[in-house]
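Q: Kindly generate the corresponding structure for this input.
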Amino acid sequence: MPTDELAGHSPQPSPQAIPIVEERAIIQREVVESGRVRLSKTVHEHQEDVDVILRHEEVQVERVAVNQFVADGVEPPVPRYEGTTLIVPVVREIVMKRLLVVEELHIVKQQVETHEVETVTLRHEEVHVERFPAPETTNTSPTH
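A: Numbers count the residues shown, from 1 in each chain. So this is what the prediction gives:
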């Protein structure tokens, strides 16, 4: 036994530990289904007549008799244009070694437009959206 107690003295108070409390928040994320969506797509087709302008070129060839000797007698004449007409000389060599222009081809080119109606299939899509609420959690307690 300690001597202080025997002498009738009360012991000195012993130091007490006081806990310090600290609160902490823990934040967690949880994925919760809040609803569902169903998408469906419908493709619509319809026939439509379309007026189409088509272009093509037509060529007219006219044979023109010339029967003239080439001036220098050695070199054949070259094709040439007169306006929109292409003139192509056609030559023949004769025994005298002179060139005789037998004929010329006069070629005229012109654009011709025609209108035709074509039937084409056109498509367009339509999307439908259906929204559904989230499935409710089932309560396990029986209901009477």
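Q: those helices in this protein, which residues are they?
A: Listed in chain order, the helices found in the chain under DSSP state H are 3-6.
Q: Poorly predicted segments of it, please.
A: 1-11, 73, 97, 137-144 (pLDDT under 70).
Q: one more time with 50
A: Low-confidence segments of the chain, defined by pLDDT under 50: 1, 140-141, 144.
Q: so who does H106 touch?
A: 61-64, 85-87 (Cβ atoms under 8 Å, 6 or more residues apart in numbering). Where C-beta positions appear, they are placed from N, C-alpha and C, glycine not excepted.
Q: Go through the residues you listed and flag which are in strands.
A: Using DSSP state E, the members of the contacts of H106 that fall within strands are 61-64, 85-87.
Q: how far away is the closest residue to V59 other than its chain neighbours from P79?
A: Of all residues beyond its chain neighbours, the one nearest V59 is K109 (5.3 Å), with distances taken as Cβ to Cβ, 6 or more residues apart in numbering. Using Cβ to Cβ, to the nearest Å, we find K109 at a distance of 13 Å from P79.
Q: Overlap of the contact sets of those two?
A: Counting by Cβ under 8 Å, 6+ apart, the contacts common to K109 and P79 are L86.
Q: Run through the strands of the chain in chain order.
A: Using DSSP E, the strands of the chain run over 35-69, 80-82, 85-93, 99-133.
Q: Can I get these in JSON lines including distance to I18?
A: Shown next, in JSON lines, are those (distance: least, Cβ to Cβ, whole Å):
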{"stretch": "strand 35-69", "distance to I18": "52"}
{"stretch": "strand 80-82", "distance to I18": "114"}
{"stretch": "strand 85-93", "distance to I18": "115"}
{"stretch": "strand 99-133", "distance to I18": "53"}
